[in-house]
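Novice: need a structure here:
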Amino acid sequence: MRLLSAIATWLVATSAWAQAMYFDSSTVPAADADSIGAYQSLADSLIAEGYAPDTLMSLAPLPKQMFMPPVFRSYELDQHDPLTPDYSGDPNMRWVEDAISGQRRMQNFQQRMMVGAPWLVKYNYDNLPEPPKEYVAIINPEDHTITIDEISGVPEDPLIETTEVKKKHWLKTFNASLQFSQAYISPNWYQGGNNNLNALLDLYYNVKLNQTFHPKLLFETTFQYKLGVNNAPDDTLRTYNISTDVFQINSVFGYKAANNWYYSVTGQFKTQLLNAYPTNSNELKSAFLSPGELNIGLGMTYNYTNPPKTVQVDVSINPLSYNLAICTNNRLDPTAYGVDAGHHYKSTFGSNLECKLAWKISETISFSSRLFGFTDYDRAYADWENTLVFQLTKFMTTQVYANFRYDTDTPPVTDEKKWKKLQVKEILSIGFAYKFSTM
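Specialist: Residues are numbered from 1 along each chain as shown. Purely as a prediction, here's the structure:
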């Protein structure tokens, strides 16, 4: 009968020791009413599970050959799993629902057999004998010996044996972006104007100690370089103008004090790499290490990262801070950069504060901010950088960069009196970006 054949096939597949062999049905009493009733209950169970009743035939005459007895594994009181996800609303996941439904029908059939006909389940999985051992003979031709070794039941995995999982002590992140804007205006445009082409290069490299393996230590160093270049149609001496040129290194080292607070030493070095000139002038405005700045602070650092790792906050408070102002180019006036006349360096002591925020607003939007302030109780300045990045595609981004600086030593500008001590730089750009991270 097709139904009994289907039952036999399934039980052979799910029995632990089922093999391609049969035993004589005389071991099961054919006229036993209880046995026949048990099979009838199994048939009823199959009908309840959705099998067509016309496929069922008389179960009274047992077949001449029967499959090996099933093996009891476990009994489940509740077949319903409330944690199973519901895929009914997604047609693409219908195959998952069908697989789960089929597995449940098999489990229900097995459990009903265990309860409806326990005398037919002769073996318990926990009491089955050990499987037969297998051996292999290894011949050694050098000393003419034969060694017989047992073959393990678990196959060897060469990948597991040869692969060594190493701890990652340093987490590294590299970002590179090249963004630009361009405009063309014909000579007869009714409103006038000039053609312009702007490009902004941003390189960022960060190395951080993995606190998973070093929970008491805090160490992080960041290298960053920004270069902004635009064409200069109004400059008769040069075809381009440098709008942004900043090379900066920030570092912090700390030892845990309590909770998220660390005893720390912070460092910052900042300068530019290229020469900069005013429009239509060969008078140097700034150059490498002119100005330059080195700041080292000693104090406490607060470090926090939320569990989803979307927000990271670092606040360093340094009551004791050393600041070195640098102006090495003899063509520049050192007093414009806080250095005494006739000198290239000036050392001062005071206090500084640094606040950093990294916020991943969504999968495609991120925001970073950094505020640094220093005072020697005679002069004070603060530098606040903000960057908002929109990830348009995998390799294309839009970036809004805003930099605010306040310096009490800023000389007055005669034609821009409204700004006084506040300096502002804002850049909106779109372009290509590349990111590499080992975190």
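Novice: all helices for the stretch 101-250 of the chain, in order.
Specialist: Counting by DSSP state H, counting those that start in this stretch, one finds helices in the stretch 101-250 of the chain at the ranges 158-162.
Novice: show me where it has its strands.
Specialist: With DSSP state E, counting those that start in this stretch as the criterion, the stretch 101-250 of the chain has strands at 123-124, 134-140, 145-151, 170-183, 196-209, 217-231, 240-258.
Novice: can you redo those as a markdown table with distance to residue 304, mean pLDDT and mean neighbour count?
Specialist: All C-beta atoms are positioned from the backbone trio N, CA, C, and that covers glycine. Shown next, in a markdown table, are these (distance: least, C-beta to C-beta, whole Å; pLDDT from 0 to 100; neighbours: other C-beta atoms under 10 Å):
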| stretch | distance to residue 304 | mean pLDDT | mean neighbour count |
| --- | --- | --- | --- |
| strand 123-124 | 55 | 75 | 13 |
| strand 134-140 | 58 | 82 | 9 |
| strand 145-151 | 55 | 82 | 9 |
| strand 170-183 | 17 | 85 | 15 |
| strand 196-209 | 14 | 89 | 17 |
| strand 217-231 | 11 | 93 | 18 |
| strand 240-258 | 13 | 93 | 17 |
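Novice: phi, psi for the closest residue to residue 213 other than its chain neighbours please.
Specialist: Distances taken as C-beta to C-beta, 6 or more residues apart in numbering put residue 167 closest to residue 213, at 5.6 Å, once the chain neighbours are dropped. With angles defined as degrees, to the nearest 10, residue 167 sits at phi -70, psi 140.
Novice: residue 174 versus residue 167, what's the distance?
Specialist: 21 Å (C-beta to C-beta, to the nearest Å).
Novice: now residue 241
Specialist: Distance of residue 241 to residue 174, computed by C-beta to C-beta: 29 Å.
Novice: could I get the strands of the stretch 101-250 of the chain as a markdown table with distance to residue 388?
Specialist: What follows is the strands of the stretch 101-250 of the chain, written out as a markdown table (distance: least, C-beta to C-beta, whole Å):
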| stretch | distance to residue 388 |
| --- | --- |
| strand 123-124 | 66 |
| strand 134-140 | 66 |
| strand 145-151 | 63 |
| strand 170-183 | 13 |
| strand 196-209 | 13 |
| strand 217-231 | 15 |
| strand 240-258 | 17 |
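Novice: which one of the ones you listed lies closest to residue 308?
Specialist: strand 170-183 (17.2 Å; C-beta to C-beta).
Novice: what count of nearby residues applies to residue 313?
Specialist: Neighbours of residue 313 under the rule other C-beta atoms under 10 Å: 15.
Novice: state the pLDDT value of it.
Specialist: For residue 313, the model assigns a pLDDT of 95.
Novice: residues near residue 127, how many?
Specialist: 8.
Novice: doesn't residue 349 belong to a strand?
Specialist: Yes - assessed with DSSP: H, G, I helix; E, B strand; the rest coil, residue 349 lies in a strand.
Novice: how near is residue 359 to residue 434?
Specialist: Separation of residue 359 from residue 434 (C-beta to C-beta): 22 Å.
Novice: the two: which is more packed in?
Specialist: residue 359 (15 against 11).
Novice: for the more buried one, which non-adjacent residue is spatially closest?
Specialist: residue 367 is the one closest to residue 359 (C-beta to C-beta, 6+ apart), at 4.7 Å.
Novice: where's that neighbour, which helix or strand?
Specialist: Per DSSP states H and E, residue 367 falls inside strand 365-375.
Novice: so what's the closest residue to residue 435 other than its chain neighbours up against?
Specialist: Using C-beta to C-beta, 6+ apart and skipping the chain neighbours, the partner closest in space to residue 435 is residue 175 (5.0 Å). Contact partners of residue 175, counting by C-beta atoms under 8 Å, 6 or more residues apart in numbering, are 202, 203, 204, 205, 433, 434, 435, 436.
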